[in-house]
Structures are given as structure tokens and as C-alpha cells.
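Chemist: Pasting the sequence and the predicted model now:
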Amino acid sequence: MRVLQNNIKVRVFMLALPLFLFSCEEAPLPTGAETTDQLFRPVNFQANVIGTEVTFKWSDISDASFILEISKDSLMFSNELQVISLDKNYYTTTENENLWSNTRYSARIKAVSSVDGAIKDSEYQEVTFVTGSEETFYSVESDNIGFDWVQLNWIPGKNVDKIIVSSAGVSDVTISLTADEIAAGEKLIENLNLGTDYTFTIYFGERPRGAISVATWTYFSTVKIDQTSNGGWHELGTYYLFANSGAYARIRNDGTSGYVVADAFKFSRDGYDDIIIDNTDDGVTTVGTWSTSSTSADRIGANYFHDGKSGKGEKSITYTPDIPESGAWTVSVYSSAQSISSNNVPIDIYAGDH
């Protein structure tokens, strides 16, 4: 029995041996291993994207230069193909490559012998990537926004030639840029509509180079707040208010079902102390009968007003601050948080007489 077992083991080993050899003979060559009369292809080919600037890197090969190709497609290398000769193993695109923002591109690299023309070029290594957004515009400061105009600023001298103005429901408007405006990096866009959201896209030919969205000021705005949770100051937004002109914030109880609380408003602008008007201060005008309460400790001053869940649509309180300078002011309202309050309290913001 022992002899028979040993024979079985030997036979199994002999059967397995040809399979092992066959596998070795059929194993593919490692990636990049061309024949001896051809260069190895560059490995570790990478594209690092920051906006529309792309840095390519790959492993160096001795006695070789490189051909980098970039195209605006997905590994087709047929659309707007750019060919760049290099004697180093890295490259960063510049404006000359005219890469578009948020666009799919492909790149490939091959090695070329720099010492023996009889040696064949390597095969290509390829990569595909999507460019990011191009930041050409500077952010628009609040004082550079008007009721019917916006002052735009961008990197001076940038290769641009026009701005397309877009807003919902109307046709786009194309504005050509002069040489002086391009050099200065600024353009005043006029004849806009009051209180409208706009998108401004800057171009060089057909290539978009940046976009920014801005809303023009409006003389009158209405926002709604939830008074059932998150007590404290609630920022309502930034608004253009005229100085000494009757600008105000008004809280109403129209369309509400729970209690409406009126406590305090705050008006803020850089360079000025906050202007806070409490419910019993000068400059506060009530319409309808409001009750006074100090039940909640979450309040400004000694007390606050509430509408008693009555007279819906008949009550309002207007807070008129003494605005010292015309411009952009951030308006906030203070409210206690109570589950019996309304979650859709309307507040009007008026810019003042103009």
C-alpha cells in the first residue's frame, strides 16, 4: 500500500509540471517592454488639473526626448490636436494651449531616441481628464452693484474679448470689450433690470474663460423666517439702503397661523457700529394691536411684541433705522424660538426714498 501511494504522488507531480511550463510560455510581456530596437514607453504618466492649468509628469528615460499630444476629446486624438516636443519629463500648460474650462481632454506621451535614429519611438501612454473652472473674474463687492448696473473686474490683460450677459426669460446680450477695458480688467455693465439675477461669462473667441453670477439691487424685497426654532439673530441678506431716506424693515402677520413675534432688527455695514432697534425704541411704528410679553428669556431688551394669533393680515410693525451712509447693509432680525410661533413670517425690506 505504501508503494502504491508514492507512485500516485509522483504521477500527480508529473501531470502538473507541463501545465506550469505552459503558463510560463504564454505569459505576456510586462507593460511598456518593447523589443530591443524600440524605446520603452514612459510610465507613471499623470495629469494634475488645477482649473485650466494642467501639469503632466512621467518617468524619465535616458537618452530620450518626448512628444506630448493633447486633444479636446476622449482618447480619440482627433479634435484640436496639439503636439509639443519636450526634452524633460514634465510640462505645465499655458494660455497658448487654450484649454477650455469644464471640458474633457486627452493626452498621450511617447519617447523618441535622442542618440540613435534607428531606434523606434516608444508606444504611447495615454490619460484622459476634465479641466476645472477658470477663475478670471474677481468677486463682485456689494458696492459695485447697482439697481441697473454692475461693475465687473477681472485679471488685467487677460486674453479676453467679450462678455455675454444672461438672465432667465430674455435673450443673451453680447458686449465687446475695448483694448483699454481688457488692459484695465474692468467693465461697467449698464441698462440692467431691477432686482434681477444675472450671469456674466467672459470669452476669448469661442472659449469661455470665467463666469460670475450677480443680482442687481431692488428697492423692495420680502423674505420669510421660521420662528418655531433656532432663536437668536437671523441674517436676512444684504440690501442697498439710502441714507436718511426712510429705509425700513417691516414685520407682518399676513398668511401666518401661529404667533408672530416682533423683537429687534440689526443693520450692519463695514466701518460702522451695528444699528440695533428694539421693539420699544424710537423709530418703531405699529399697525394694529400688539401684545407685550417677556415670557421668553430669548429676547433683546426687556420685552417683545407678539400678535396674539389674531388680526391676521391686519398687523405690522415697521423699524426705521437712521442710516448714515447709502450703500449695502446687512439686515438681521432677532426672534425667540417657540413651537407655537409661525414658521412663515413675512418681512419687508425697503431701500428708502430715491
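Modeler: Alright, I've got the coordinates.

Chemist: residues near the residue lying closest to residue 242 once chain neighbours are set aside, how many?
Modeler: By the measure of C-beta to C-beta, 6 or more residues apart in numbering, the closest residue to residue 242 outside its immediate chain neighbours is residue 352, 3.7 Å from it. Using the backbone N, CA and C atoms, a C-beta is placed for each residue, glycine as well. Using other C-beta atoms under 10 Å, residue 352 is surrounded by 17 other residues.

Chemist: Kindly report the same for residue 241.
Modeler: 25.

Chemist: Identify the residues contacting the nearest residue to it once chain neighbours are set aside.
Modeler: Nearest residue to residue 241 in three dimensions, chain neighbours excluded: residue 247, at 4.1 Å (C-beta to C-beta, 6+ apart). By C-beta atoms under 8 Å, 6 or more residues apart in numbering, the contact set of residue 247 is 241, 320, 321, 323, 350, 351, 352.

Chemist: quick check, nearest of the residues you listed to residue 225?
Modeler: Residue 225 lies nearest to residue 350 out of the contacts of residue 247, by C-beta to C-beta, at 17.0 Å.

Chemist: and that closest one, what does it touch?
Modeler: Here residue 350 is in contact with 219, 220, 246, 247, 248, 249, 250 (C-beta under 8 Å, 6+ apart).

Chemist: Contacts only, for the second one.
Modeler: Right, the one you point to is residue 220. Neighbours of residue 220 in contact, by C-beta under 8 Å, 6+ apart: 348, 349, 350, 351.

Chemist: tell me, what residue is most central in this protein?
Modeler: residue 133 (8.5 Å; C-alpha atoms, centre = their mean).

Chemist: these two touch, right, that residue and residue 49?
Modeler: No: judged on C-beta atoms under 8 Å, residue 133 makes no contact with residue 49 at a distance of 10.8 Å.

Chemist: Rebuild the contacts of residue 220 as a markdown table, extending it with pLDDT.
Modeler: What follows is these, written out as a markdown table (pLDDT from 0 to 100):
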| residue | pLDDT |
| --- | --- |
| 348 | 98 |
| 349 | 98 |
| 350 | 98 |
| 351 | 97 |
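
Chemist: Any of those residues buried? List them.
Modeler: The neighbour-count test (16 or more other C-beta atoms under 10 Å) marks 349, 350, 351 as buried among the contacts of residue 220.
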